[in-house]
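Student: Sequence first, then the predicted structure:
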Amino acid sequence: MSTVTNSTQPDATRTVFVPTGSGLSFLGLLKSESIKLWSLRSTYWSFSLVIAAALGIAVLMAFAMSAGTDPAVGAMGVDNTGMVVLVATAGLSLGQLIVAVLGVLSISGEYSSGMIKSTLTAVPNRLPALWAKVTVLFGFTFLVGLVSVVGSFLVALPILGAKDITASLFDSAVLLPLLGNVLFLALIAVLAIGIGTIVRSSAGGIATVLGILLLLPTVVGLFSFLVEWVADIMPFLFTAAGSQMIAPTTMESWQAFLVVLAWVAVSLGTAALLLKRRDA
Amino acid sequence: MIQAQSLTKYYGSKTAVDAVDFTVQPGKVTGFLGPNGAGKSTTMRMIVGLDRPSLGSVIVNGKPYHEHKAPLREVGVLLDAKAVHTGRSAYNHLRAMAATHNIPTSRVHEVINLTGLESVARKRVGGFSLGMGQRLGIAAALLGDPATLILDEPVNGLDPEGVQWVRKLTRQLAAEGRTVLLSSHLMSEMALTADHLIVLGRGRVIADASVADIIKSAAQDTVRVRTPHSAALATLLAGADVTITNVEQDVLEISGLTVNEIGDRAAAAQISLHELSAVSASLEDAYMKLTQNEVEYRTGDTHAEAEVAR
């Protein structure tokens, strides 16, 4: 920076500036995506709301259960352990919607603001930026989900204890369903990033992902009354497979997990293909 | 160094950039000029891989942009001031950009100081003025201490102090041996900043030469004359190669004759002159002529040939 500007200086005496220093790395991209995620207010709002909804609904449900008569509890058709799991995960269904929106916004917000141009000039091969975003949001959503269900479990247990309903967190019949719910939550975020990347608009992305979560089961359910074979695809819907993953009925847990993964893979694969091919 | 070869971009049936060839040399400020829609921004986007060329290629510092191990250290780019998430602070935006290349936070503070953003660095970008947005864009471009800088309309929205600062900065960066490609519609500013010019018109390169050569080739020097007898003088000087424009009451602008010729002939005819001065052609004149010619070539070849013949 010490060179003095001199327009009469001949070109030959000018040296070519050669850049030095560190370059792109996946670890750096993870750090960058974490900074991006945690430097927006919407992230704090969304994650706080996921946890608050989970805890709030768990407390409400626990009180409702313990206030009811014993036959009412029995009518749910679950044992004590199942009851505790139900209470600890009930609020996460609201969290699923919040996380879906957050996932879409994490990429559609880059398109609507123009940030995507900065992101893609820093990472011209593009795909590593997508993988980093997916990894970071999956990781933090998993953590938030874990805090939600474990927190819900801990606040619900004393309330349910009044009715002698109890369970251990480290009982695999409790822990596995809780972790399954958390995993599904984090995978919803990944599905949503894929959809957000494909449609590149917040409104369209949110509509699509909420359609998959809320509307699709109802619509397909209605069609199954008209067309017989449609009933057979019901278990392969994203939400159906998500619940089968945790409480298997028509298919094994691992099969349901593979169906969920297939949905995520199609969303993310299409997103990757389009991100690579399209002009930014 | 930026080298474009038959670089072409189609958007549907429209040709935005039409087989352009050019080289942007290190150690100089190269101005990138052209009317709106001439293909400047598209070309810049193709250089950094945001748009894929339909045909041809462009390489930066010896390689296609995406093949560099540290792209931000090779090229710093300001495409428009809006390449930032509005909900994020300037500081966090730069920190996120720096993290991708493991550029230390000390460099983030350096570019914030360099661009004069200290007082607003922690504020959300959504509330920035156009000028502040430009400064942030320039800060982001400088982050990797890159060998090549591409700045699309960097002085847009800057105050006079900011305009002067960009001029000094780009000249200094070029003097350090870097490649600087700069677009602007402010011709007077470009004349002060650039060494070399590439002019685009309708997706084609219509001029690629030094600033002095472009002014010399495209625009004529004129002579400004103030006289109470302007009508008589105009009649006296009229000729095939002479253009006379009555720019205001009693003031003529004459091209095709030198100051001496006009003075002598006026004296011989006993016409009194109150002012007689040579006016050098400006870059703006040359630019208007160049881009106007571009249009003329499209509408009628006979007129264009007549221009050349003269």
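Tutor: Ah, there it is.

Student: only C-alpha atoms for contact and neighbour calcs from this point on.
Tutor: Will do.

Student: all helices of chain A, in order?
Tutor: Taking DSSP state H as the test, the helices found in chain A are A:26-38, A:41-67, A:70-75, A:80-89, A:92-113, A:115-122, A:127-161, A:172-199, A:202-210, A:216-226, A:230-233, A:238-246, A:253-277.

Student: Would you single out the least confident of these?
Tutor: Lowest mean pLDDT within these: helix A:70-75, at a mean of 52.

Student: Make a markdown table out of the helices of chain A and add mean neighbour count.
Tutor: Output for those, formatted as a markdown table (neighbours: other Cα atoms under 10 Å in any protein chain shown):
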| stretch | mean neighbour count |
| --- | --- |
| helix A:26-38 | 20 |
| helix A:41-67 | 19 |
| helix A:70-75 | 12 |
| helix A:80-89 | 22 |
| helix A:92-113 | 23 |
| helix A:115-122 | 23 |
| helix A:127-161 | 21 |
| helix A:172-199 | 23 |
| helix A:202-210 | 20 |
| helix A:216-226 | 14 |
| helix A:230-233 | 12 |
| helix A:238-246 | 23 |
| helix A:253-277 | 18 |
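
Student: Quick one: closest of those to B:Leu290.
Tutor: Closest to B:Leu290 of the helices of chain A is helix A:115-122 (Cα to Cα; 32.3 Å).

Student: quick one on the thing from earlier: could you dump the helices of chain A into JSON lines and include distance to B:Gly37?
Tutor: Converted to JSON lines, these look like this (distance: least, Cα to Cα, whole Å):
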{"stretch": "helix A:26-38", "distance to B:Gly37": "33"}
{"stretch": "helix A:41-67", "distance to B:Gly37": "37"}
{"stretch": "helix A:70-75", "distance to B:Gly37": "71"}
{"stretch": "helix A:80-89", "distance to B:Gly37": "56"}
{"stretch": "helix A:92-113", "distance to B:Gly37": "23"}
{"stretch": "helix A:115-122", "distance to B:Gly37": "20"}
{"stretch": "helix A:127-161", "distance to B:Gly37": "31"}
{"stretch": "helix A:172-199", "distance to B:Gly37": "27"}
{"stretch": "helix A:202-210", "distance to B:Gly37": "29"}
{"stretch": "helix A:216-226", "distance to B:Gly37": "44"}
{"stretch": "helix A:230-233", "distance to B:Gly37": "51"}
{"stretch": "helix A:238-246", "distance to B:Gly37": "46"}
{"stretch": "helix A:253-277", "distance to B:Gly37": "24"}
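
Student: can I get those helices in TSV with distance to chain B?
Tutor: Output for the helices of chain A, formatted as TSV (distance: least, Cα to the nearest Cα, whole Å):
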stretch	distance to chain B
helix A:26-38	4
helix A:41-67	8
helix A:70-75	47
helix A:80-89	32
helix A:92-113	5
helix A:115-122	4
helix A:127-161	9
helix A:172-199	16
helix A:202-210	14
helix A:216-226	32
helix A:230-233	40
helix A:238-246	31
helix A:253-277	8
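
Student: right, and the ones you listed - which one's nearest B:Leu273?
Tutor: Nearest of these (Cα to Cα): helix A:115-122, 59.4 Å.

Student: and the angle from that closest one to helix A:26-38?
Tutor: Relative orientation of helix A:115-122 versus helix A:26-38 (axes from the mean of the first three to the mean of the last three Cα atoms, to 10 degrees): 170 degrees.

Student: Mind checking the helices of chain A for the one nearest to B:Ala269?
Tutor: Short answer: helix A:115-122, nearest of the helices of chain A by Cα to Cα, at 66.7 Å.

Student: so A:Gly139 sits right up against A:Ala189, yeah?
Tutor: No - if you go by Cα atoms under 8 Å, A:Gly139 and A:Ala189 don't touch, sitting 10.0 Å apart.

Student: Report the contact partners of B:Tyr65.
Tutor: A:124, B:47-49, B:59, B:71 (Cα atoms under 8 Å, 6 or more residues apart in numbering or on different chains).

Student: and the two most separated of the residues you listed?
Tutor: A:Pro124 and B:Ile59 (13.5 Å).

Student: Which one's more surrounded, the two?
Tutor: A:Pro124 (23 against 19; other Cα atoms under 10 Å in any protein chain shown).

Student: Geometric centre of chain A: which residue is closest?
Tutor: A:Ala189 (2.1 Å; Cα atoms, centre = their mean).

Student: and B:Ile80, how many neighbours?
Tutor: Quick fix: residue B:80 is Asp, not Ile. 19.

Student: Next, the contact list for it, please.
Tutor: Taking Cα under 8 Å, 6+ apart, one finds B:134, B:137, B:152-153 in contact with B:Asp80.

Student: host element of it?
Tutor: Assigned by DSSP states H and E, B:Asp80 belongs to no helix or strand.

Student: Where does the residue lying farthest from the centre of chain B fall, secondary structure wise?
Tutor: The outermost residue of chain B relative to its centre, with distances by Cα atoms, centre = their mean, is B:Gln270 at 45.7 Å. Using DSSP H and E, B:Gln270 is not contained in any helix or strand.

Student: How about the helix or strand where B:Met46 lies and chain A, touching?
Tutor: Taking DSSP H and E as the criterion, the element that holds B:Met46 is helix B:40-47. No - using Cα under 8 Å from any Cα of the partner chain, helix B:40-47 stays clear of chain A, with a minimum separation of 9.0 Å.

Student: How about stretch B:174-186?
Tutor: Yes - interface with chain A: stretch B:174-186 contributes B:175-178 (Cα under 8 Å from any Cα).

Student: Check the offset of that stretch from the chain's centre.
Tutor: Computed by Cα atoms, centre = their mean, to the nearest Å, the chain-centroid distance of stretch B:174-186 equals 9 Å.

Student: And the residue of the stretch 151-280 of chain A closest to chain B?
Tutor: In the stretch 151-280 of chain A, the residue that lies nearest chain B is A:Asp279 (4.6 Å; Cα to the nearest Cα).

Student: How about that residue, nearest residue that isn't a chain neighbour?
Tutor: B:Asp51 (4.6 Å; Cα to Cα, 6 or more residues apart in numbering or on different chains).

Student: pLDDT at that neighbour, what is it?
Tutor: So B:Asp51 comes in at 95 (pLDDT).
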